[in-house]
Each structure stands twice: as structure tokens, then as C-alpha cells.
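>>> I'll drop the sequence and a predicted model, then ask my questions.
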Amino acid sequence: MEGIKSLKEYAKEAKKRLKSSFWQEYKQKVEDESKRAEFDGTSKSKVVEYYQNKAKVSIRGVKTEDEGFYIKVKNILDTYGDVSDALGRLTDKLYYESLSYEAKQRYMLELSNKYRLAKERYYKEKKFEKTV
């Protein structure tokens, strides 16, 4: 059963996070960003929710294919802004052409949902993270 972690492996990872001051740094970051959000008029609860989700992703990890898709969306939004042909730019043309009509419709619905989620993530990150 490759790919499934044992309880012992999860415990090792948790111990590593404790030793590396992961949680202390996380707490400090949330406190700092909450103060900044309060100053900027942003809801503190939104900041906390954002960093909770970020910690979950950090601990659980993300699928590389999902992260790759997000990077493509991020590049489009950084370079061109919110363009009307984003789905066309993200479509795998060779794969799309090999599909039946119904499968094409399903593919575009799934792609648009993934795009919507990636776009929401992008704007949350832009809002809550300081640009370096």
C-alpha cells in the first residue's frame, strides 16, 4: 500500500513540526496578520480562516497536479488579469478534441469549477499576503 502513511509516519511529521517551531511561527503570523487586517478594516475571522486553510494544506500536502493548475491560473491572472478566454487558455486541446460531445461538456464544467476555485485562492492570497 504505497502512498498511504502509517500512524508512525504521521507522528514523526507532527514531532518534526513541533521541533521546527512551525506552530509558534504560525501563531505569530496569524497574530501579525490579524492586527494588520484590523488596521486595514478587514475581518479578523477571514484572516484566521485563511491561515487555517493554509496550515491544513501545509500539513496534508497538495496534489502536484492541482498545484500545477493553480500556478497556470496565477500566471494568467498576474500577466493578463481576469480575461474572458481563461478556460480556452487552460484547456488541454489534444485531450479535449479526443472527447465525445457529452465528455467535452463535462470536461468544461469541471475545468470551470477548478478555475473558479483557483481564482478564489489567488485573490485570497493577494489580499492576505504581503508582496515582497
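Looks like it came in fine.
>>> so how far is the helix or strand of the chain with the lowest mean pLDDT off the chain centroid?
The weakest-scoring helix or strand in the chain, judged by mean pLDDT, DSSP states H and E, is helix 44-60 (a mean of 74). Its chain's average C-alpha position is 10 Å from that of helix 44-60, according to Cα atoms, centre = their mean, to the nearest Å.
>>> So which residues make contact with it?
For helix 44-60, the external contacting residues (Cβ atoms under 8 Å, 6 or more residues apart in numbering) are 13, 17, 26, 29-30, 33-34, 37-38, 124, 128. C-beta here means a position set from N, CA and C on the backbone, and glycine is covered the same way.
>>> Generate a ChimeraX selection restricted to the buried subset of the residues you listed.
Buried members of those, defined by 16 or more other Cβ atoms under 10 Å, are picked up in ChimeraX with:
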select :26,30,33,34,37,128
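>>> which of the contacts of helix 44-60 sit farthest apart?
Maximum pairwise distance among the contacts of helix 44-60 (Cβ to Cβ): 33.0 Å, between Glu13 and Glu38.
>>> for Ser43, phi and psi?
When quoted as degrees, to the nearest 10, the phi and psi of Ser43 stand at phi -70, psi 130.
>>> If you could redo that for Ser84, that was the one I meant.
phi -80, psi -20.
>>> can you check Gly81 too?
phi 80, psi -160.
>>> Would you tell me what helix or strand Met108 is located in?
According to DSSP states H and E, Met108 maps onto helix 101-128.
>>> And that helix, what's buried?
111, 114-115, 118-119, 121-122, 128.
>>> Please apply the same query to stretch 59-76.
Quick answer for stretch 59-76 (16+ other Cβ under 10 Å): 69-70, 73-74, 76.
>>> Enumerate every residue touching Gly68.
Counting by Cβ under 8 Å, 6+ apart, Gly68 has no contacts.
>>> Show me how far the strand or helix carrying it is from its chain's centre.
Taking DSSP H and E as the definition, Gly68 sits inside helix 64-80. Mean-position distance between helix 64-80 and its chain equals 10 Å (Cα atoms, centre = their mean).
>>> next helix or strand past that helix?
Next element after helix 64-80 (DSSP H and E): helix 86-90.
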